[in-house]
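In: Fold the following.
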Amino acid sequence: MTNEATIEKMRRMKLTGMADAFQNTFTGKLDQQFSSDELIGHLIDAEWDERYNRKLSRLISGAKFRYQASFEAIDYVKSRKLDKNLMLRFSNCDWVRKGENIIITGPTGIGKSFLVSALGNQACKNGFKVIYQNAMKVFSLLKASKGDGSYINEMNRFQRCDVLIIDDFGLEILDTASRLMFFELIEDRSGTKSIVITSQLPVPKWFEVIGDPTIADAICDRIIHTAHKIDLDGPTMRKFYNGRKNTMPILDETCHPD
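Out: Below you'll find the predicted structure:
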């Protein structure tokens, strides 16, 4: 069998990374000489990397993050009161595997959205499915889905993701429909899958935003008491982070592809 025929079969089997790597080895694009076992290892590594990058691209595209942020781009200036050791512990994504929650509070412009985008991107790099949603938009989306009959599908979509990020919670007081939807979102994920919430309001004021005391108690009991809490402070970071839109490295070979 010729090399060209072998490559054609690889491509038909959708082994694109392996096919490209094999083609490069006999067209002289690689100076390295491989033994038979080294060649097999090289081809498998190439296919692994290709599949991982495709999956990562798909996960990030589906998450719809506000920023393409990475842990490497997080600023730990002292005035922010952001614990670097805590963030490093988050980087291995054990909090996702355990279904733990994270709550980030602080004034506008302090970098909450960038921080949750970095957490979400890191989760994607570890193979987890993430959905990022602005709080006001998620409730509008769910209300619209009630009207067109897709509500159950939308709720299932949120339930299936490993990490649900709700950004800018508390900008407006929830009406009856929104608070019931919020409770359903929280209840479906409680203790099994992670939620990350950012808010300008300190946690005690969430009860006022949610409105109904009984539902507020039920929601907060499920997400607050066992959540990791980060309370940011300091000057605005908006200009700093707006200048760093594409900061996420792509390849991380510790993640498993499809």
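
In: Could you pull up the residues touching the residue nearest the centre of the chain?
Out: Centroid-nearest residue in the chain: G120, 2.3 Å away (criterion: Cα atoms, centre = their mean). G120 makes contact with A63, F65, V130, Y132, V163, I165, V196, according to Cβ atoms under 8 Å, 6 or more residues apart in numbering. C-betas here are computed from N, CA, C, even on glycine.

In: Could you do I7 as well?
Out: Neighbouring residues of I7 by Cβ under 8 Å, 6+ apart: A19, F22, Q23.

In: Equivalent analysis for H42, please.
Out: Applying Cβ under 8 Å, 6+ apart, we find H42 in contact with A21, T25, F34.

In: tell me which strands and helices the strand or helix carrying L185 is in contact with?
Out: Using DSSP states H and E, L185 maps to helix 176-189. With contacts taken as 3 or more Cβ pairs under 8 Å, 6 or more residues apart in numbering; DSSP states H and E, helix 176-189 sits against helix 135-148, helix 151-160, strand 194-199, helix 213-223.

In: need those in TSV with distance to D233, mean neighbour count and mean pLDDT, can you?
Out: As requested, the helices and strands packed on helix 176-189 are exported to TSV (distance: least, Cβ to Cβ, whole Å; neighbours: other Cβ atoms under 10 Å; pLDDT from 0 to 100):
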stretch	distance to D233	mean neighbour count	mean pLDDT
helix 135-148	21	15	92
helix 151-160	31	14	93
strand 194-199	14	24	95
helix 213-223	22	16	89
